[in-house]
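Q: give me a model of this one.
(one chain, ligands or ions: 1)
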Amino acid sequence: MRLLQTSLPDIAILEPAIYEDSQGGSVQSFDEPAFHKALKEAGFPVPRPLIQDNHFCSRKGVLRGLRYQLPPRAQGNLIRVVNGSAYVVAVDVRRDSLTFGKWVGVELDAVSQRMLWIPEGFAHGFAALEDNTHFFCKTTNGYHKESERNVRWNDPDIGIDWPGFTEKTTGAEDAVAPLLKNSEPHSEFLQGTTELKDLKVIGDNRGSLIALEQGLNIPFAIKRVYYIYDTLSDVGRGFHAHRRLEQMAICVSGSCNIVIDDGASRQQVRLDSASKALIIRNMIWREMHEFSDDCVLLVLASEYYDESDYIRDYDQFIKEVSCGKK
Ligand code: T46
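A: The predicted structure is shown next:
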């Protein structure tokens with residue numbers, strides 16, 4: 001599987017291997033380890049498991065979207081066209097994102113079998129370029145009507161250039177969908193479980209100073225402080241959740257990316273300033289990637305080190321987090 005970058009840093013095209021022989025041909029349409037490997041090698045966060053398949057069919061000129069689901073039911077989508085061809089668009093709907101409102105469009109067809117990876121936090125839309133176009137989407141979260149939101153396909157602030165079809169048919173909801181500026185924000189943080197705080201910088205002509213004070217800007221009593229440094233840039237750390245532990249992480253030097261996941265929704269946070277603190281409550285899966293050479297990640301923790309507090313298996317984490325929500 002080959003990954004091609006697009007003009008949006010979070011959106012990727014994936015090209016599967018196609019095999020042809022005297023009987024016809026075959027394609028390995030999904031191979032999770034290969035998918036994760038391709039994403040990791042290109043510096044993309046690894047998504048939560050793709051748990052649902054949806055198959056749609058449209059005649060030429062039909063436009064579906066733009067759609068997204070709000071956290072905690074946000075959906076990442078791996079989209080493939082299995083018959084015909086289509087123009088597939090992704091729009092960044094994360095209010096705090098540097099690429100908020102930016103879009104990318106890619107033509108997918110049944111011959112090349114290229115797929116488009118659109119992670120959580122993006123709206124997507126499809127325009128069928130041929131009759132009997134079939135779309136196959138693998139998603140990270142099931143369909144949830146109450147969480148579904150639409151954005152107007154022809155919002156002038158987004159300015160999507162939908163090519164190649166003359167007769168446009170949109171669903172009733174799509175036609176009257178709100179403009180992006182009026183749509184419900186796709187919040188950057190998992191509700192109530194993580195928070196990215198700007199710490200107060202006390203600066204003067206000698207430089208800067210930041211004070212961390214229990215009960216004031218640290219929302220728990222500190223029992224332990226540790227720091228992670230000299231991490232190789234191509235390794236990932238973390239890959240676990242804590243049953244009780246709460247933490248505050250600050251990159252006091254350099255930068256790294258932290259993926260946070262509450263079992264229903266996954267987001268990536270970039271820590272690249274000594275004045276940004278990420279508070280991670282208990283029962284949040286975390287993965288750390290792309291450590292810069294000079295990265296020193298300082299972590300304040302609410303508990304002493306206790307291996308029995310770690311959940312290091314993602315399926316076990318999903319089991320425990322789902323039990324807690326019942
Ligand atoms: C977390 C992320 C952000 C100790 O003996 N004492 C400690 O206080 C810690 C944190 C770790 N260890 C031992 C346990 C392992 O044998 O150090 C070894 C490496 O720990 P781990 O593989 O858990 O490291 P990371 O970077 O994957 O995770 C750490 C923290 O463990 C974790 O709580 O949230 O940083």
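
Q: tell me who's in contact with the residue of the stretch 151-300 of the chain found nearest the ligand.
A: Distances between the stretch 151-300 of the chain and the ligand by CB to the nearest ligand atom are smallest at residue 237, namely 3.5 Å. For glycine as for every other residue, the C-beta is placed from the backbone atoms N, C-alpha and C. Applying CB atoms under 8 Å, 6 or more residues apart in numbering, we find residue 237 in contact with 228, 231, 287, 288, 291.

Q: give me the element the first one is part of.
A: Applying DSSP states H and E as the criterion places residue 228 in strand 224-229.

Q: interface residues of this structure facing the ligand?
A: 224, 226, 228, 237, 238, 247, 249, 286, 299, 305 (CB under 6 Å from any ligand atom).

Q: from residue 105, how far out is the fourth one?
A: Put plainly, it is residue 237. Here residue 237 is placed at a distance of 36 Å from residue 105 (CB to CB, to the nearest Å).

Q: repeat that for the fifth one.
A: As defined by CB to CB, residue 238 lies at a distance of 34 Å from residue 105.

Q: looking at those two, which is more packed in?
A: residue 105 (18 against 15; other CB atoms under 10 Å).

Q: give the bridge partners for the closest residue to that one other than its chain neighbours, please.
A: Computed as CB to CB, 6 or more residues apart in numbering, the closest residue to residue 105 that is not its neighbour in sequence is residue 89, at 4.5 Å. Taking DSSP bridges, one obtains residue 105, residue 125 as the residues bridged to residue 89.

Q: pretty sure residue 89 contacts residue 102?
A: No: between residue 89 and residue 102 there is no contact under CB atoms under 8 Å: 11.1 Å.

Q: what about the two, which has more around it?
A: Neighbours per residue (other CB under 10 Å) separate residue 89 from residue 102, with residue 89 holding more: 26 against 17.

Q: how about the more buried one, what does it touch?
A: 65, 66, 103, 104, 105, 106, 124, 125, 126, 127, 160, 162.

Q: please consider this matter closed, and thank you.
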